[in-house]
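Undergrad: show me how the following folds:
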Amino acid sequence: MGNATAMKNVGLCYEHGTGVKKSPSDALTWYRAAQKAGVKNLASAIRRVQPSTGVKTISAGTFRDEVIDNRHTSLVYFRGGDALSRVFDRVFDHVSKQFAGSLRFVRLEQSADTKALFERYGIKGTPAVLFFKGGRPAGAPLLGVRSKKAMAKAIEGMLKPN
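TA: As a prediction, the model looks like this:
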């Protein structure tokens with residue numbers, strides 16, 4: 001198991017850029033090798049570095065890399081632990097599939113660690129979504145639950161060339 005644990009640790013180094021250049025794809029390779037060699041409970045690590053085909057959950061610590069420095073158009077879902085956020089989860093997941101490849105969909109859970117980000121971007125309630133273009137907010141946050149159709153219309157408007 002020593003080699004398998006070492007593989008996992010190499011994956012961590014690549015994921016976080018510790019002693020090596022940060023590389024999610026290399027981290028994924030090492031995590032999968034460690035999993036194949038017998039390391040358990042690597043599913044969350046693999047999800048963190050796997051290319052997103054849907055919604056990626058991020059943290060305050062990864063917000064800069066995932067949204068600000070990413071430079072792709074992103075739709076950030078500021079999610080609370082309330083019933084409205086649970087309802088909106090289905091809408092957000094649906095539009096992430098509908099617009100896959102057009103923009104990145106990320107989810108930021110409300111917590112003590114993310115409080116400053118919620119405040120910085122004017123998120124006073126959840127659920128809320130905010131478009132980012134070129135690492136900067138594009139427009140005001142959309143607050144509250146929206147239908148799939150309304151979210152799709154908002155996304156189409158944001159994707160139109162200026």
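Undergrad: L142 and D26: what is the separation?
TA: Applying Cβ to Cβ, to the nearest Å, the value for L142 to D26 is 36 Å. In this view, the C-beta of every residue, glycine as well, is placed from N, C-alpha and C.
Undergrad: can you check I123 too?
TA: Per Cβ to Cβ, I123 is found 34 Å from D26.
Undergrad: now do D93
TA: In terms of Cβ to Cβ, D93 sits 29 Å off from D26.
Undergrad: on that earlier part again, quick one, which of I123 and D26 is more surrounded?
TA: Neighbour count, other Cβ atoms under 10 Å: between I123 and D26, I123 has more, with 22 against 17.
Undergrad: next, give phi and psi for that one.
TA: Phi and psi for I123, reported as degrees, to the nearest 10, are phi -90, psi 110.
Undergrad: quick one, what contacts it?
TA: Applying Cβ atoms under 8 Å, 6 or more residues apart in numbering, we find I123 in contact with 78, 117, 130, 141, 143.
Undergrad: ok so L108 is a strand residue?
TA: Yes - L108: assigned to a strand according to DSSP: H, G, I helix; E, B strand; the rest coil.
Undergrad: flag every buried residue along stretch 64-83.
TA: Of all the residues in stretch 64-83, those buried under the rule 16 or more other Cβ atoms under 10 Å are 66-67, 73-80.
Undergrad: any regions of the chain where pLDDT drops low?
TA: 1-2, 50-53, 71, 161-162 (pLDDT under 70).
Undergrad: follow-up on the earlier one: in strands only, show me the buried residues of stretch 64-83.
TA: 74-79 (DSSP state E).
Undergrad: tell me the one of these nearest K160?
TA: Nearest to K160, judged by Cβ to Cβ, of those is L75 at 14.5 Å.
Undergrad: isn't the closest one up against S102?
TA: No - in this structure, L75 is not within contact of S102 by Cβ atoms under 8 Å, at 9.7 Å.
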